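With the input below, show me the fold.
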Amino acid sequence: MTGFIQAHAAWVVPAALLLAFFKSLAFVSLVVPSSFVVAIIVALAQMGHVSLWPVWLAVAIGAALGDWASYVLGDRLKHRARDIWPFTRHPELMPRGERFFLRYGAMSVVLCRFFSPLRATVPLLCGVFEMPLLIFQIANVLSALLWAAVVLLIGEGVLQIFG
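Model prediction:
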């Protein structure tokens with residue numbers, strides 16, 4: 001496996017971008033544990049002898065694109081979002097996310113990156129409740145850069161300790 005990854009190291013960065021995108025996409029992030037995704041990304045980078053700098057940028061871009069897609073979905077669905085999974089099965093998610101969104105405004109985008117249950121709903125709710133796109137995107141991009149750095153550093157540290 002290590003040989004395969006080393007031979008195809010050029011795919012580590014695009015794979016990191018795609019994994020971060022799907023991890024940040026509304027609803028998908030409820031079923032994909034972020035610690036698992038980060039461990040895979042860091043392990044692939046190490047096995048492929050890929051610098052973490054391009055991986056960091058790819059993870060940040062993927063995360064920002066995933067949240068942007070979630071925002072657009074919320075903007076299109078508006079309050080019909082309540083009628084789709086996971087809100088139909090877990091109706092408490094929408095009011096919980098709405099309270100968080102209303103309390104913290106643009107900072108909710110930054111904070112939700114670090115709290116898994118909210119990560120799946122806050123960007124969507126920013127679209128539903130019509131947060132201005134420019135404000136959302138500023139918070140989205142800055143928080144994606146910060147989140148990518150934090151999780152990759154943690155992943156690197158864990159692999160150093162246990163690897």
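
For the most centrally placed residue in the chain, which non-adjacent residue is spatially closest?
By Cα atoms, centre = their mean, the chain has its centre lying nearest to S24, at 2.9 Å. The shortest distance from S24 to any non-neighbouring residue, by Cβ to Cβ, 6 or more residues apart in numbering, is to G66 (2.8 Å). Every residue, glycine included, has its C-beta placed from N, CA and C.

how far away is that neighbour from W147?
11 Å (Cβ to Cβ, to the nearest Å).

ends of stretch 74-84, how far apart?
End-to-end span of stretch 74-84 (Cα to Cα, to the nearest Å): 12 Å.

ok, and what's touching it?
26, 73, 87-88, 91, 94, 123-130 (Cβ atoms under 8 Å, 6 or more residues apart in numbering).

got the buried residues for that stretch?
G74, D75, L77, A81 (16 or more other Cβ atoms under 10 Å).

what about the helices in this structure?
Per DSSP state H, the chain carries helices over the ranges 2-7, 12-24, 34-47, 52-77, 93-104, 107-112, 116-119, 122-128, 133-162.

Just name the most buried of those.
Compared across those, helix 122-128 shows the largest average neighbour count, a mean of 27 (mean count of other Cβ atoms under 10 Å).

what sits against A16?
Shown in contact with A16 (Cβ under 8 Å, 6+ apart): I41, L44, A45, V55, A58, V59, G62.

The last one against V13, yeah?
In this case it means G62. No - here G62 lies out of contact with V13, judged by Cβ atoms under 8 Å, at a distance of 10.1 Å.

State the distance from S70 to G97.
Distance, S70 to G97, using Cβ to Cβ: 11 Å.

Give me the common contacts of these two.
Taking Cβ under 8 Å, 6+ apart as the contact rule, S70 and G97 both touch L124.

from the contacts of stretch 74-84, which two are the most distant?
T88 and E130 (22.6 Å; Cβ to Cβ).

model confidence over stretch 74-82, on average?
If you average the pLDDT over stretch 74-82, you get 88.

ditto for stretch 87-101
Averaging pLDDT along stretch 87-101 yields 82.

Can you find the helix or strand of this protein with the lowest average pLDDT?
Ranked by mean pLDDT, DSSP states H and E, the helix or strand of the chain with the weakest confidence is helix 2-7, at a mean of 67.

Restricting the selection to alpha carbons, write stretch 14-22 to PDB.
This file holds the C-alpha atoms of stretch 14-22, laid out as PDB (Å, rounded to 0.1, in the frame of the first residue of the first chain):
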ATOM      1  CA  PRO A  14      -6.600  16.300  -5.000                       C
ATOM      2  CA  ALA A  15      -7.800  13.500  -2.700                       C
ATOM      3  CA  ALA A  16      -7.400  15.800   0.300                       C
ATOM      4  CA  LEU A  17      -9.400  18.500  -1.400                       C
ATOM      5  CA  LEU A  18     -12.200  16.000  -2.300                       C
ATOM      6  CA  LEU A  19     -12.300  14.400   1.200                       C
ATOM      7  CA  ALA A  20     -12.500  17.900   2.800                       C
ATOM      8  CA  PHE A  21     -15.200  19.000   0.400                       C
ATOM      9  CA  PHE A  22     -17.400  16.000   1.100                       C
END
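
Cool, thanks, talk later.
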